[in-house]
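Peer 1: With the sequence up front, the predicted model follows.
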Amino acid sequence: MVDNHRSTTCPEETVKCELSILGCEAMVKRKDLASHNSDLKAHIPMMMSTILSQQRMITSQQRTIQQLQSKCATTELVFTIPGFSPEKIYRSHRQSVEGREFFLEFRPTPRGNDFHEARIYFPDIERDLRVDFTIALCKKNPLFPSVKRGTKQSLVFRPGKIDWGFPNFIETATIFNDGHIKNNGSLTLVASVTTEVTLLLGESI
């Protein structure tokens, strides 16, 4: 009973200012609390300081969010295969996006040469990586549309799952009959890759 009286109603008990959350550090007797709280001259500067501090924090957080959003990056890899042969497996050079290397692979499907598949690899990732990508097989006449396949939603590349692609990207016969082979016998694929970088706690932007 005595402890409850002291903590809730005793007028002589010393208590925190009700505006302590706004920066007032005064400790006053409960009987003087109303008078202390009404002292606007003492409290307004503290309130303004706290509000300005919170505004600076909000501005800083908004800037951080914008910087995180800007960490999404897009790059393009152009892969030209000289002297294309439908029986061979081709791998492109490595290209980097936000410090993460990737490459393309163009090959006949394991079931045979009737179709060719196009795949993209991120071989050295150490944690999950969210990626949007498209792969296009260009025609020798740039005025005609390329064969293009793309992701409808972001895919997650994981250390144990480093590749995604299109098993039936194009019929092999179409490569030769529909104007994809250039006069010098080369074939060109273009990949557009956008990555979303997720920072770990403590990493700098």
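Peer 2: Arrived safely, thanks for sending.

Peer 1: ranges for the helices of the chain?
Peer 2: Ranges of helices in the chain, per DSSP state H, are 2-8, 33-37, 40-69, 172-177.

Peer 1: Can I get those in CSV including distance to residue 135 and mean neighbour count?
Peer 2: Backbone N, C-alpha and C define where each C-beta goes, glycine included. CSV is the format used below for the helices of the chain (distance: least, Cβ to Cβ, whole Å; neighbours: other Cβ atoms under 10 Å):
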stretch, distance to residue 135, mean neighbour count
helix 2-8, 70, 9
helix 33-37, 67, 14
helix 40-69, 26, 11
helix 172-177, 14, 14
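
Peer 1: need those in a markdown table with mean pLDDT and distance to residue 107, can you?
Peer 2: Shown next, in a markdown table, are these (pLDDT from 0 to 100; distance: least, Cβ to Cβ, whole Å):
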| stretch | mean pLDDT | distance to residue 107 |
| --- | --- | --- |
| helix 2-8 | 56 | 76 |
| helix 33-37 | 81 | 77 |
| helix 40-69 | 76 | 36 |
| helix 172-177 | 93 | 11 |
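
Peer 1: Of all those helices, which one is nearest residue 102?
Peer 2: Of all the helices of the chain, helix 40-69 sits nearest to residue 102, with 21.8 Å by Cβ to Cβ.
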